[in-house]
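Undergrad: Just a sequence and a predicted model for now, questions to come.
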Amino acid sequence: MYSTNRLHFLRNMLVSTATGLVTLVILLIAPLGLAAVITCTLAVTLASFCITAVSDQVLAWLEAGQSRQMIERR
């Protein structure tokens, strides 16, 4: 699978933006103040971006180990 850092960044941005928009819609329905809605939406968006970035690093680490095993089997 071919992937670049730019592709990972774009995917992370799309996931975190979608998550943030869903959170924004849910929080706008709830009877909260505007500052609370904005703060919670930004926190969810940032957390979602960080989680996807960390999961990319874990997957890269796991794929590197798998590549080494494939080379050693040959």
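TA: Nice, thanks for sending it over.
Undergrad: May I ask you to name the longest helix in the protein?
TA: helix 34-73 (DSSP state H).
Undergrad: and that helix, which residues are buried?
TA: Val37, Cys40, Thr41, Val44, Thr45, Ser48, Phe49, Thr52, Asp56 (16 or more other C-beta atoms under 10 Å). The C-beta positions use only the backbone N, C-alpha and C, and glycine is treated the same way.
Undergrad: What sits closest to the last one if chain neighbours are left out?
TA: Right, the one you point to is Asp56. Closest residue in space to Asp56, ignoring its immediate chain neighbours: His8 at 5.0 Å, by C-beta to C-beta, 6 or more residues apart in numbering.
Undergrad: Go ahead and confirm that neighbour touches Val54.
TA: No - using C-beta atoms under 8 Å, His8 is not in contact with Val54; the gap is 11.4 Å.
Undergrad: Run through the residues that contact the spatially most central residue of the chain.
TA: Computing the C-alpha centroid of the chain and ranking residues by C-alpha atoms, centre = their mean puts Thr52 first, at 2.7 Å. Thr52 is in contact with Arg11, Asn12, Val15, Ser16, counting by C-beta atoms under 8 Å, 6 or more residues apart in numbering.
Undergrad: filter these to the buried ones?
TA: The buried subset of the contacts of Thr52 - by 16+ other C-beta under 10 Å - is Asn12, Val15, Ser16.
Undergrad: before we move on, back to that, adding pLDDT and distance to Pro31, write the buried residues of helix 34-73 out as JSON lines.
TA: Output for the buried residues of helix 34-73, formatted as JSON lines (pLDDT from 0 to 100; distance: C-beta to C-beta, whole Å):
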{"residue": "Val37", "pLDDT": "89", "distance to Pro31": "10"}
{"residue": "Cys40", "pLDDT": "90", "distance to Pro31": "13"}
{"residue": "Thr41", "pLDDT": "90", "distance to Pro31": "16"}
{"residue": "Val44", "pLDDT": "92", "distance to Pro31": "18"}
{"residue": "Thr45", "pLDDT": "91", "distance to Pro31": "22"}
{"residue": "Ser48", "pLDDT": "92", "distance to Pro31": "24"}
{"residue": "Phe49", "pLDDT": "91", "distance to Pro31": "28"}
{"residue": "Thr52", "pLDDT": "90", "distance to Pro31": "31"}
{"residue": "Asp56", "pLDDT": "87", "distance to Pro31": "37"}
